[in-house]
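Participant: Predicted model and sequence below, questions to follow.
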Number of protein chains: 2
Amino acid sequence: MKAEILTIGDEILIGQITNTNSVWIAQELNLIGIKIVHMASVADDEAAIVNAFNNAASRADLVFITGGLGPTKDDITKKTFSKYFNSELVLDEKVLAHVSSFFIKRGKEVTEINRNQALVPKDCTVIHNPNGTAPGMWMKKENTVFISMPGVPYEMKAMMAETILPKIKSENALPHIYHKTVLTNGIGESALSEMIEVWEDNLINSNIKLAYLPQLGVVRLRLSSTGPDKEALIKNIENEIEKLKGIIDTYIFGYENYGEETPSLAEIVSQLLREKKQTIALAESCTGGYISSMLTGIAGASEVFKGAIIPYTNEAKHELLEIDEALFNSVGAVSKQCVEQLAQNVLKKFGSDFALSVSGIAGPTGGTDEKPVGTVWIAVASKEKTLAFKFIFGDNRQRNIVMTSNYALNTMRKFILKSL
Amino acid sequence: MKAEILTIGDEILIGQITNTNSVWIAQELNLIGIKIVHMASVADDEAAIVNAFNNAASRADLVFITGGLGPTKDDITKKTFSKYFNSELVLDEKVLAHVSSFFIKRGKEVTEINRNQALVPKDCTVIHNPNGTAPGMWMKKENTVFISMPGVPYEMKAMMAETILPKIKSENALPHIYHKTVLTNGIGESALSEMIEVWEDNLINSNIKLAYLPQLGVVRLRLSSTGPDKEALIKNIENEIEKLKGIIDTYIFGYENYGEETPSLAEIVSQLLREKKQTIALAESCTGGYISSMLTGIAGASEVFKGAIIPYTNEAKHELLEIDEALFNSVGAVSKQCVEQLAQNVLKKFGSDFALSVSGIAGPTGGTDEKPVGTVWIAVASKEKTLAFKFIFGDNRQRNIVMTSNYALNTMRKFILKSL
């Protein structure tokens, strides 16, 4: 089955609102094997809406419409909907009772404008809105079902979950669909694609689609497959992921399972520490608190995160973390020696099981021929062992900070797992 | 002028990525008086892309396309673009030089796949991509200009700001439009709207539109006006802002001028310190590095930011910042006494001119009847003076961290300006 998602509202077109409804609906439909072929946003304008309806009908079996159902004059979806279906608006007593109780419960009077919310096209199937006053509408034209819902996310979501998705599932024999995403760090998109080219070319024989989803310091590889047998799909994709591990195992730091959020490197490291009941402390120079804020953004951070020192000047590195002053004039603060000392000393200061340190040139200025902007040293330490690594990222400050943070967290992940 | 925004990529249609590019582009176009009539998202599929191009051409003068320009096989926008314009792909030497230098700078080899990034339709105007390897493409078909950009937001934004928007403005006689945004902290959206109700109702007489743009801990008020005389527009808006200052001066921390990025509180504080050649140090407990990362995200941070300590445990507060241990059992770490000591001691440790400290309960757990989740103490200190303030925010951890950071930075701004 093919679906289209249509959002109606001027506030989307002027960029005042981010369209999160479409993302949520798309995720829910994917989970039940419905393919979204198109998404569109149009203004509160009759001609634009009718045109969008016609285009949607030409390519989709199901059209999910949100927005434009409010009681004010700028909301014209319902009027346009009934016109499109040549179905006059009639008062629905059940909806009117719901609308009335809604206002009475809140100690408010039911006005004429509110009563109009109970008008629906004569031939439509009404979708109950448990969280609001605008009813949903389900109508069929030729082979396409149109489903109109309010734009308020929590009203729309309740209607989808309670009525619309169950109705679609019960009325249709849907194919199964399965995705799994492989998370990698330490290699760029194009180098990765060259490494896995032969494997990728063979995926077509397994009926699997591959997508590259690059982020800063992370490339996600999503494998998707559709078919009649769910177990076979899962087995097929897991089988291909096993083969992929044989090629790029060293770069894989996690997986995003079907229907779940992508775990961040900070979450993966925190989870590892939590399982082992171990703790971490940080000495962040060039990342200036970014890694700490990623780790402390996670609920329950205090179980694993002891704290950090951000010694942004050489003076602070010396005074707060006892970095040998002679070192600044010899190898400099962006060096193996400096990050090693930072990691070892912050480990002692906080009495943590692990320590992570970074020192680098985030940019845009401060680079030299020998150490260009983007040069970063990362060290990891435990009581037994200290290891340091050098990286050269780009010339954009913000990107360098995020990339350094992801590389540092993945280095720590491997260190905790003793795979460095 | 009418515009359409088209995003290409399976990851949008399966709901894996929220479409933030469209929002940003819509905002930028609105700022220069261009109306967005349609937004659409389509799959990495030739027929779907061509169909979307045709539909867009039928209603828009400008079509902004993002996505599908990566070097991998799933990205087919460029191939489809050249086919649509009957313009063969040729190697662009300038782009190739840029792509090559991009990889060489990072110590990487230029592979065949990378070289292919320098292929562009023969008849297109190439848009330089300063932050990446995929060039943008500008082509006209009949009366519609098509502009194709990469989907990576920071690459797209730089190309829009540096090349595309200036080109559109120089080639078209757009109506004058002027915006100025007033930045406030310390008051919520509805309380603010009640305070300024009379002033707001009068704006209609000055042909000014007002928009409330709430963020975490910050409410922005955007005044916009369109007309034939640019100087009159500016004078008119400045005049109304003067009146507004008479009502809510204490909450205003800055302004966003027409066509500029919103200055963050971190930028405003950094700029103040830079002008005064003064420095800051932080002791961040509940914000866990978030404020430091905001300050160090700004180029040249090392001139004003000496460093920070993130003492996430009571033990660390005592050992690294000499917080009186008795205090933890009496008033607790989330207290006036604790943040005052944190600010005073971190000031001494780093030898900075100012210090900022925070201690609170970010949540979701850890609250008590007396100190619910969201309770935060903020202190500011100089050699002469220490002041502390208590706030109670909400029950969402991420929101509490961001709100605390914005309130803390605004408190520091007022302290530097001696207006506390």
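Facilitator: All right, it came through fine. Remember, it's a predicted structure, so these values are computed and weren't measured experimentally. Residues are numbered from 1 along each chain as shown, chains lettered A, B, ... in the order given.
Participant: Could you pull out the strands in the stretch 51-200 of chain A for me?
Facilitator: Using DSSP state E, counting those that start in this stretch, the strands of the stretch 51-200 of chain A run over A:62-66, A:89-91, A:119-121, A:125-127, A:136-141, A:144-149, A:176-185.
Participant: what does the average pLDDT come to for the fifth one?
Facilitator: Throughout strand A:136-141, pLDDT has a mean value of 96.
Participant: Counting by contacts, list what that strand packs against.
Facilitator: With contacts taken as 3 or more C-beta pairs under 8 Å, 6 or more residues apart in numbering or on different chains; DSSP states H and E, strand A:136-141 sits against helix A:77-84, strand A:119-121, strand A:125-127, strand A:144-149. Just so you know, the C-beta spots here come from the backbone N, C-alpha and C atoms, and that holds for glycine as well.
Participant: any idea where the helices of the stretch 151-300 of chain A begin and end?
Facilitator: Under the criterion DSSP state H, counting those that start in this stretch, the stretch 151-300 of chain A contains helices at A:153-159, A:165-171, A:189-195, A:197-202, A:230-248, A:265-276, A:290-296.
Participant: Is the longest one in proximity to chain B?
Facilitator: No. Legend: contact between helix A:230-248 and chain B by C-beta under 8 Å from any C-beta of the partner chain is lacking; minimum distance shown is 14.7 Å.
Participant: Just give the closest residue to A:Gly374, not the sequence neighbours.
Facilitator: Closest residue to A:Gly374 apart from its sequence neighbours, by C-beta to C-beta, 6 or more residues apart in numbering or on different chains: A:Phe393 at 4.1 Å.
Participant: That neighbour: neighbour count?
Facilitator: For A:Phe393, the neighbour count with other C-beta atoms under 10 Å in any protein chain shown is 24.
Participant: Wait, it touches A:Val376, no?
Facilitator: Yes. Between A:Phe393 and A:Val376 a contact is recorded at 6.3 Å, counting by C-beta atoms under 8 Å.
Participant: which residues do those two both contact?
Facilitator: A:400, A:404 (C-beta atoms under 8 Å, 6 or more residues apart in numbering or on different chains).
Participant: which of the strands of the stretch 51-200 of chain A sits most buried?
Facilitator: Comparing the strands of the stretch 51-200 of chain A by mean neighbour count (mean count of other C-beta atoms under 10 Å in any protein chain shown), strand A:62-66 ranks first with a mean of 26.
Participant: avg pLDDT for that one?
Facilitator: According to the model, strand A:62-66 has a mean pLDDT of 98.
Participant: rewinding a little: highest average neighbour count across the helices of the stretch 151-300 of chain A?
Facilitator: Most buried among the helices of the stretch 151-300 of chain A, counting by mean count of other C-beta under 10 Å: helix A:290-296, with a mean of 28.
Participant: So what touches that helix?
Facilitator: Residues from elsewhere that reach helix A:290-296 (C-beta under 8 Å, 6+ apart): A:264-266, A:269-270, A:280, A:282, A:284, A:301, A:304-305, A:308, A:310, A:356, A:358, A:401-402, A:405, A:408-409, B:287-290, B:292-293, B:296-297, B:310, B:312, B:362, B:401.
Participant: how about 6 Å then?
Facilitator: A:266, A:282, A:284, A:301, A:305, A:308, A:401, A:405, A:408, B:288-290, B:293, B:310 (C-beta atoms under 6 Å, 6 or more residues apart in numbering or on different chains).
Participant: farthest pair in those?
Facilitator: Across the contacts of helix A:290-296, the longest distance by C-beta to C-beta is 19.7 Å; it joins A:Ala301 and A:Ile401.
Participant: more crowded one of these two?
Facilitator: A:Ile401 (27 against 19).
Participant: Tell me what angle the one helix or strand the more buried one maps to forms with helix A:265-276.
Facilitator: When elements are assigned from DSSP states H and E, A:Ile401 belongs to helix A:397-416. Taking axes from the mean of the first three to the mean of the last three C-alpha atoms, to 10 degrees, one finds helix A:397-416 and helix A:265-276 inclined to each other by 20 degrees.
Participant: Now do helix A:397-416: which elements does it pack against?
Facilitator: Where contact means 3 or more C-beta pairs under 6 Å, 6 or more residues apart in numbering or on different chains; DSSP states H and E, helix A:397-416 is packed against helix A:265-276, helix A:290-296, strand A:354-360, strand A:375-381.
Participant: then it to CSV, C-alphas only?
Facilitator: Taking C-alpha atoms only, helix A:397-416 is exported to CSV below (Å, rounded to 0.1, in the frame of the first residue of the first chain):
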residue,chain,number,x,y,z
ARG,A,397,34.9,25.0,14.6
GLN,A,398,31.5,23.6,15.4
ARG,A,399,32.1,20.5,13.3
ASN,A,400,35.5,19.9,14.9
ILE,A,401,33.9,20.1,18.3
VAL,A,402,31.2,17.6,17.5
MET,A,403,33.5,15.3,15.5
THR,A,404,36.1,15.3,18.2
SER,A,405,33.4,14.5,20.8
ASN,A,406,32.1,11.5,18.8
TYR,A,407,35.6,10.2,18.1
ALA,A,408,36.5,10.6,21.8
LEU,A,409,33.4,8.8,23.0
ASN,A,410,34.0,5.9,20.5
THR,A,411,37.6,5.7,21.7
MET,A,412,36.4,5.5,25.2
ARG,A,413,33.8,2.8,24.2
LYS,A,414,36.6,0.6,22.7
PHE,A,415,38.8,1.3,25.8
ILE,A,416,36.1,0.1,28.2
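Participant: Buried residues, that helix. List them.
Facilitator: A:397, A:399-416 (16 or more other C-beta atoms under 10 Å in any protein chain shown).
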